[in-house]
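In: Here is my input; please provide its structure:
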Amino acid sequence: MRIGIATDHGGFTMKERLSAALQDAGHELVDFGAWQLDPADDYPDFVIPLAEAVAKNTVEQGIAVCSSGVGAAIAANKVAGVRAALIHDDYSAHQGVEHDDMNVICLGSLVVGYAQAWELVGTFLTARFNGAERHRRRLAKVAALEVGMHAE
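Out: Below you'll find the model as predicted:
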């Protein structure tokens, strides 16, 4: 699978560990940065290009990390076509994909440890959208917001 990953200084160490593990697992990884630990960097500079790549299907799924995961989720969700969520538990990691077609997982490096983050990423990457009519209907209503109109 072709996966994108991005972080700011807050998630730099976790991104480096996740990147190595994903490559070892056979995934093709596109690293959107940060490429060095810089306490003055800003998460949108890395998360927005990741989100754009997900929206354009340049990468199949995205992983965004910052200290809490909140900023990464807020930034990623500003890009039309991206469905990002802050994930701390296994159920949400798969249910977000199965029901909501989540395509970017956001993690907080100061909230979850590496072992849990690795488990959550694995769950996210193996889950599949189930395509049920009720889920498609709900997603259409959300997508309508991206073009400035409400779904009827």
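In: list the contacts for the spatially most central residue of the chain?
Out: Ranked by distance to the mean C-alpha position of the chain (C-alpha atoms, centre = their mean), the top residue is residue 104 at 2.2 Å. Counting by C-beta atoms under 8 Å, 6 or more residues apart in numbering, residue 104 touches 50-51, 54, 61-64, 73, 76, 82-85. All C-beta atoms are positioned from the backbone trio N, CA, C, and that covers glycine.
In: Looking at the residues you listed, state which has the most neighbours.
Out: In terms of neighbour count, residue 64 stands highest of those at 32 neighbours, by other C-beta atoms under 10 Å.
In: what about that residue, helix or strand, and which?
Out: strand 61-66 (DSSP states H and E).
In: buried set for the helix or strand following that strand?
Out: Per DSSP H and E, the first helix or strand lying C-terminal to strand 61-66 is helix 70-76. Residues of helix 70-76 classed as buried: 71-76 (neighbour count, 16 or more other C-beta atoms under 10 Å).
In: Now do helix 70-76, average pLDDT.
Out: What helix 70-76 shows for mean pLDDT is 98.
In: Mind telling me the two of the buried residues of helix 70-76 farthest from one another?
Out: 71 and 76 (9.5 Å; C-beta to C-beta).
In: And the strands in this structure?
Out: Applying DSSP state E to the chain gives strands spanning 2-7, 28-31, 61-66, 84-86, 104-108.
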